[in-house]
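Colleague: Quick one, what's the 3D model for this:
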Amino acid sequence: MMQIQDADLKSLRIFETIVQCGGFSAAQSVLNISASAISEQMSQLETRLGVRLCERGRSGFRLTEEGEVLYEAAQRMLSAVETFRMEAETLRRQLRGTLRVGVIDATLTDPGSPLTLAIRRFGEIAPQVHLQVQIDTPNALEQRVMDGRLHLAVGPFPARLPGLDYTPLYRETHGLFCSRTNPLYAQDDAEITLPRLSQSRVAARAFLGRFDLEQLRAEQAAGSVDNVEARAMMILSGQYIGFLPLHYAQPWVDKGELRRLRPEAYATFLDFDIIMRHGASTPRAVTAFHEQLLSSSVLRPDAVS
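Modeller: Numbering: from 1, shown residues only. Predicted coordinates:
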C-alpha cells in the first residue's frame, strides 16, 4: 500500500492544478514555478505510482485513463486534507484553510443571487481562507458535495438525494424564449397557442426531467442541456425554443434578438438551495460561509416554498 507523504501531497496539488489549467504551460503562472520543475514533479509522481498520468507534447495535454482516475481521487483526498486543516484551525479559533464551493453557471447577472455579496462579506471576516469556486451542473455538484470534493454548493436541486442537507436560499424566474429567426417571433400572442408550441423544437433543461416538455405538452425534447449558455446558444440559433433565466436573457431581449413567449402563461421558477453533506463535521469556515449566504439573501430562508 502506498504511504502518503508530504512530497506526495505537493505533487498531487501540482497535478490537480495542471489538470484544471489544461496543461503544463498554463499552470506555470498559477503555480509560480518553472516548466522544468513542473515536469520533474510529474515525472516523480508517475514513477512513484508506476503509471503514465498524461500525454503532453505537440498534440496538446490529455489525461490518460489512469490520470483521470487519479485526478478524481486526488480531489477527494486534497479536499479532505483541507477540511482537516480547517477543523484544526477551529481549535485555535481561526478561519484558515481552503474552502471549496460549487455553483451552477449563469447566476452572476441575477440580482436575487446572494453569492457575490456573501463572498465579499466572507472575505472580510475570513481573509486567510483560500476560496475555490467551481462551476458545474446541478447533478455534478451534488455528487461532488456527497464525496467530499466540495464543502457546499448552491443551485437548483430537484432530486433531493439522501445524504445531503438542503437549505432554501433564493428563487430564480425563468421564461420561455425564441429567437428573432424563429417563426414564432413575429406571431401575435393569440397565434402562439399550446398546440403550436408543442410542435416546436424544445431545448429542455435536462436536470428537470420532463418538466419542460409537460409545460409545453411536447412529446420529446429536440435537445437538452444542463448548461444555461449552451441552451441559450441553441435558442439563439432559431432552431429551438426553451426556458432561460430572465436576468440572463435580458441583454438579447433588449437587442431584439430574443422574445419572451406568452409571459402570462409560461413563467417557471427554480428554487436554489445550499447543499452540504448530512452528518459531516462542519469546520467553522464552512459554517461562516453558509451563514453569509443566508444573511445575504434577499429572501428569508423560510420564504421559499
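Colleague: Helix or strand: which one has residue 17?
Modeller: helix 6-21 (DSSP states H and E).
Colleague: what do you get for residue 26?
Modeller: Per DSSP H and E: helix 24-31 holds residue 26.
Colleague: what's the angle between that helix and helix 6-21?
Modeller: Counting by axes from the mean of the first three to the mean of the last three Cα atoms, to 10 degrees, helix 24-31 points 120 degrees away from the direction of helix 6-21.
Colleague: returning to what we had before: and the helix holding residue 17, what's buried?
Modeller: 8, 11-12, 14-16, 18-19, 21 (16 or more other Cβ atoms under 10 Å). Quick note: C-beta positions are derived from backbone N, CA and C, even for glycine.
Colleague: Equivalent analysis for stretch 23-33, please.
Modeller: Going by 16+ other Cβ under 10 Å, stretch 23-33 has these buried residues: 24, 27-28, 31.
Colleague: Over to stretch 101-111?
Modeller: Those would be 101-104, 106-107, 110, for stretch 101-111 by 16+ other Cβ under 10 Å.
Colleague: can you pull out the strands in this protein?
Modeller: In the chain, the strands defined using DSSP state E lie at 54-55, 62-63, 97-103, 129-135, 152-156, 164-179, 203-205, 223-225, 242-245, 258-260, 267-277.
Colleague: now what about the helix holding residue 17, what contacts it?
Modeller: Taking contacts as Cβ atoms under 8 Å, 6 or more residues apart in numbering, the residues outside helix 6-21 that touch it are 2, 24, 27, 30-31, 38, 41-42, 44-45, 48, 53-54, 61, 63, 67, 70-71, 74-75, 77-78, 81.
Colleague: Now which of those would you call buried?
Modeller: For the contacts of helix 6-21, buried by 16+ other Cβ under 10 Å: 24, 27, 31, 38, 41-42, 45, 53-54, 61, 63, 67, 70-71, 74-75, 77-78, 81.
Colleague: Among those, name the ones in helices.
Modeller: Secondary structure from DSSP state H places 24, 27, 31, 38, 41-42, 45, 67, 70-71, 74-75, 77-78, 81 of the buried ones among the contacts of helix 6-21 in helices.
Colleague: Max pairwise distance over the residues you listed: which two?
Modeller: The two members of those with the most space between them (Cβ to Cβ) are 24 and 81, at 23.7 Å.
Colleague: rewinding a little: out of the buried residues of helix 6-21, who's nearest residue 164?
Modeller: Nearest to residue 164 among the buried residues of helix 6-21 is residue 16, at 24.0 Å by Cβ to Cβ.
Colleague: how near is the closest one to residue 78?
Modeller: 6 Å (Cβ to Cβ, to the nearest Å).
Colleague: in the stretch 1-150 of the chain, what spans have low per-residue confidence?
Modeller: 1-6, 84-94 (pLDDT under 70).
Colleague: Below-threshold pLDDT in the stretch 201-305 of the chain: ranges please.
Modeller: Using pLDDT under 70, the flagged stretches of the stretch 201-305 of the chain are 298-305.
Colleague: Repeat the analysis, applying 80 as the threshold.
Modeller: 280-281, 298-305 (pLDDT under 80).
Colleague: quick one: the helices in it?
Modeller: Ranges of helices within the stretch 201-305 of the chain are 211-216, 228-236, 246-254, 284-296, based on DSSP state H, counting those that start in this stretch.
Colleague: How far does the last one sit from its chain's centre?
Modeller: Mean-position distance between helix 284-296 and its chain equals 18 Å (Cα atoms, centre = their mean, to the nearest Å).
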